[in-house]
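Asks: Here is a sequence together with a model predicted from it:
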Amino acid sequence: LAASIIQINPNLPSEAGFALSNIEHPGFLVNFISSNLNATISEKQVMLAMSNLKQRATQLLTALHKEYQLLEIKQQIHSKVKTDIDKQQREYFLHQQMKTIQEELGTGASEEVLVIKKKAESLKWPESAKKVFAKEMAKMERMNPMVAEYSVQLNYLEFVTDLPWESYSDDSFDLKKAAKILDRDHYGLEKVKQRVLEHLAVLKRRGDMKAPIICLVGPPGVGKTSLGRSVAEALGRKYSRMSLGGVRDESEIRGHRRTYIGAMAGRLLQNLKKCGTSNPVFILDEIDKLSRDVHGDPSSALLEVLDPEQNQTFHDNYLDMDYDLSKVLFIATANDLGGIPRPLLDRMEIIRVPGYATEEKINIATKHLLPKQLEAHGMKGIDLKLSKKLLTHIVDSYTRESGVRSLERKIAAIVRRKLVHEDMQSEVAFDLSEDKLPAILGSPIPREQYDGNDKAGVVTGLAYTAVGGDVLYIESSISPGRGKLTLTGNLGGVMKESALLAMEYLKAQGSSLGIKPEWLDYWNVHIHVPEGAVPKDGPSAGVTMLTALASLFTQRKVKAQLAMTGEITLRGQVLAVGGIKEKVLAARRAGIKTVLLPDANRFDFEEINASYTKGLKVIYMKTLEDVLDAALSSLKVSKPIDLSAPSRNKQNRA
Ligand SMILES: Nc1ncnc2c1ncn2[C@@H]1O[C@H](COP(=O)(O)OP(=O)(O)O)[C@@H](O)[C@H]1O
Ligand SMILES: [Mg+2]
């Protein structure tokens, strides 16, 4: 009995167990236990009524057993409840501990989170973004600062809260002031300035506007990029610029998803974060230099950016929320329309920024470049004047461009030389005469000048290249053979086709010029366009090729000091070409007196300030007959080849 009691209650103090085992009389033991039993009075009375000790002991054992089972059930329930509660408590404890440890260590991680949280409260973001943020924040708070993801998450939340959310700078609606700022920073460029003022006027009237995307297209150094900055100032907006040259990975624009190690937001949002407002003037510089590779096509990401219908919900992979770009004023720049992917082109309003005439360059130099360079070199008060004559000489002999970029560098070189001169307090006066210039600016660039017309088949064309307008000579010669046409000079496909067209036209229509169709079969023709190392392409040399071939097969001179540009068709038409202003100015620089232009380009020519084309005669051409009428002289070259006597060829053919 004593043993079973000890078994029932293993927690029995050892003295109690000892006392029990010390009782020797069974009657006393039964009574002792019964009196201590956790039973009701009536149960105890039943036991007391039993006089037989054996019967009473059995009754006691039954009661004890019942008690034992009851205790067991209690124990089971207790342990089950305990595990449930333990789990929650454990977490609570651990969190509490972590907090204490962090506080002890002074890691301050939670402080950073607090800062972010506080910042988030002051942000005016859309509901959807708010939700995402709350979710990510909760995740953050549950994270252990020791794990690597912690800082990733922290960076993300920091980025999200640092982005400008619907924080707009006020637009300055003073059109007069805006016009003044635009004029202050840039000479000329009337069309672009006009367009900006129009934009401003609409904004003022309507209060909001789906910002149209303007694309400035023109040769390098005409002020496309720097104009963007003035526009920002005129509008009173922040300015941001993203160069797209060499961007070939979509994620550079749209960012990497956060699952990648080292993921970052795209450059677009990073720039916005840097400038701190959601309505800056944003320059997408050199959009024609975008390329693509296996990592995707960045232009498709730009499509979303540039489409006013879509850019309200721009999606960056890193941010993983929609971001509203519709209030940003995007201005794209490009050198060459051909380099812009077609779908992008469709979404932009193209504004051409033509190259400058020498007169314009001189104005820009005196009013802008020189003061700018003086200031940049810390010589604001210093008296340095560059005369019109000197600047003209520098432009003509030391630069070869449509813009003013290398002119600016040349001016910087002069300013530096002047700085040294000032510093040394030299006795000799600062001398900028023409013969002293090479010592400062290096040797002058040799100019392609018009060089006579006494060779059949040599014609001056006008080209529009990456550096702007230029004259370009087309040389051709014939030799006895079998009517083979060879083209050299790094020519592109379109240019080669122009040559074939010209050949074909002469074969069909040459009789009016006295050209016999069979001559074209007996003579080999070689057309070369120097300089051989520079790639050339485009249809605008069509009329030049035709004139060269016509001159070759008639052995007539090309009229003196004449240059031309225009695309030709098989039907004998002359089509319009681009870059008229640059080409015409280049012709004038090269000493040309007459230019032949497509009739369809009449407006482009008339748009050029008349003073820049003084002394230049223009003849418009509609058909290929017009071209040859205007270009070919009635005189033969001094040593004409007799085309009708290719006797050797006839034999060869036989
Ligand atoms: N019309 C102009 N008036 C004043 N400065 C100009 C003008 N055009 C160009 N510039 C200056 O020439 C330099 C080159 O211009 P930039 O904007 O870099 O050319 P782009 O982007 O067209 O290649 C800049 O310093 C710019 O301020
Ligand atoms: Mg630029």
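Replies: It's in. Numbering: from 1, shown residues only. Ligands and ions are numbered 1, 2, ... in the order given.

Asks: When you work out contacts or count neighbours from here on, use the C-alpha atoms and nothing else.
Replies: Noted.

Asks: And the average pLDDT for stretch 640-654 is what?
Replies: Stretch 640-654 shows a mean pLDDT of 59.

Asks: what's in contact with stretch 603-623?
Replies: Stretch 603-623 is touched from outside by 357-359, 572-575, 580-581, 584-585, 588, 592-600, 602, 627, 630, with contacts defined as Cα atoms under 8 Å, 6 or more residues apart in numbering.

Asks: Could you tell me the end-to-end distance of it?
Replies: Start-to-end span of stretch 603-623 (Cα to Cα, to the nearest Å) is 18 Å.

Asks: Around ligand 1, pick out the residues from the protein.
Replies: Within the chain, the positions lying close to ligand 1 (Cα under 6 Å from any ligand atom) are 185-188, 220-226, 364, 368, 404-405.

Asks: doesn't residue 273 make contact with residue 167?
Replies: No. Look at residue 167 against residue 273 with Cα atoms under 8 Å: they stay out of range, at 11.2 Å.

Asks: Apart from its neighbours in sequence, what residue is nearest the closest residue to ligand 1 within the stretch 501-650 of the chain?
Replies: Going by Cα to the nearest ligand atom, ligand 1 is nearest to residue 582 of the stretch 501-650 of the chain, at 14.2 Å. Of all residues not flanking residue 582 in the chain, residue 469 sits nearest, at 4.4 Å (Cα to Cα, 6 or more residues apart in numbering).

Asks: top helix in the chain by residue count?
Replies: In the chain, with assignment by DSSP state H, the single longest helix is helix 53-105.

Asks: Can you list the helices and strands that that helix packs against?
Replies: helix 26-36, helix 41-49 (3 or more Cα pairs under 8 Å, 6 or more residues apart in numbering; DSSP states H and E).

Asks: let's see it at 10 Å
Replies: helix 2-8, helix 26-36, helix 41-49, helix 109-122 (3 or more Cα pairs under 10 Å, 6 or more residues apart in numbering; DSSP states H and E).

Asks: returning to that earlier point: can you confirm the residue nearest to residue 582 is in a helix?
Replies: No. Residue 469: not assigned to a helix; according to DSSP: H, G, I helix; E, B strand; the rest coil it is strand.

Asks: Okay, and the beta partners of it?
Replies: Beta bridges link residue 469 to residue 464 when assigned by DSSP bridges.

Asks: unless I'm mixing things up, it is touching residue 579, no?
Replies: Yes. Using Cα atoms under 10 Å, residue 469 is in contact with residue 579, at 7.2 Å.

Asks: Mutual contacts of those two, please.
Replies: Shared contacts of residue 469 and residue 579 (Cα atoms under 10 Å, 6 or more residues apart in numbering): 219, 355, 462-463.

Asks: And what about the residue of the stretch 501-650 of the chain closest to ligand 1, helix, strand or coil?
Replies: helix.

Asks: Kindly report the same for the one 4 residues further on.
Replies: Under the three-state scheme (three-state DSSP), residue 586 adopts helix.

Asks: Against residue 469, how distant is it?
Replies: For residue 586, the distance to residue 469 - Cα to Cα - is 5 Å.

Asks: Looking at the contacts of stretch 603-623, which are in strands?
Replies: The strands, defined by DSSP state E, take in 574-575, 594-598 from the contacts of stretch 603-623.

Asks: out of residue 167 and residue 273, which sits in the busier spot?
Replies: Per other Cα atoms under 10 Å, whichever of residue 167 and residue 273 has more neighbours is residue 273, with 18 against 14.

Asks: Taking the centroid of this protein, which residue is nearest it?
Replies: Closest to where the C-alpha atoms of the chain average out (Cα atoms, centre = their mean) is residue 244, at 3.2 Å.

Asks: who's in contact with that residue?
Replies: 252-253, 283-291, 298, 332-333.

Asks: All the helices of the stretch 451-600 of the chain, residue numbers only.
Replies: 493-509, 519-522, 542-554, 580-589 (DSSP state H, counting those that start in this stretch).

Asks: Let's have the ones you listed in TSV, adding mean neighbour count and distance to residue 415.
Replies: Below are the helices of the stretch 451-600 of the chain laid out as TSV (neighbours: other Cα atoms under 10 Å; distance: least, Cα to Cα, whole Å):
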stretch	mean neighbour count	distance to residue 415
helix 493-509	18	44
helix 519-522	20	59
helix 542-554	28	43
helix 580-589	25	26
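
Asks: Please dump those into TSV; it should also carry mean pLDDT for every row.
Replies: Listed next are the helices of the stretch 451-600 of the chain as TSV, based on pLDDT from 0 to 100:
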stretch	mean pLDDT
helix 493-509	88
helix 519-522	83
helix 542-554	90
helix 580-589	88
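
Asks: Out of these, flag the one nearest residue 206.
Replies: helix 580-589 (36.6 Å; Cα to Cα).

Asks: Strand 594-598 and the closest one, what's the angle between them?
Replies: Note on geometry: by axes from the mean of the first three to the mean of the last three Cα atoms, to 10 degrees, helix 580-589 and strand 594-598 are set 160 degrees apart in direction.

Asks: so what secondary structure elements neighbour helix 580-589?
Replies: Helix 580-589 packs on helix 358-364, strand 459-465, strand 468-480, strand 562-564, strand 594-598, helix 602-607, going by 3+ Cα pairs under 10 Å, 6+ apart.
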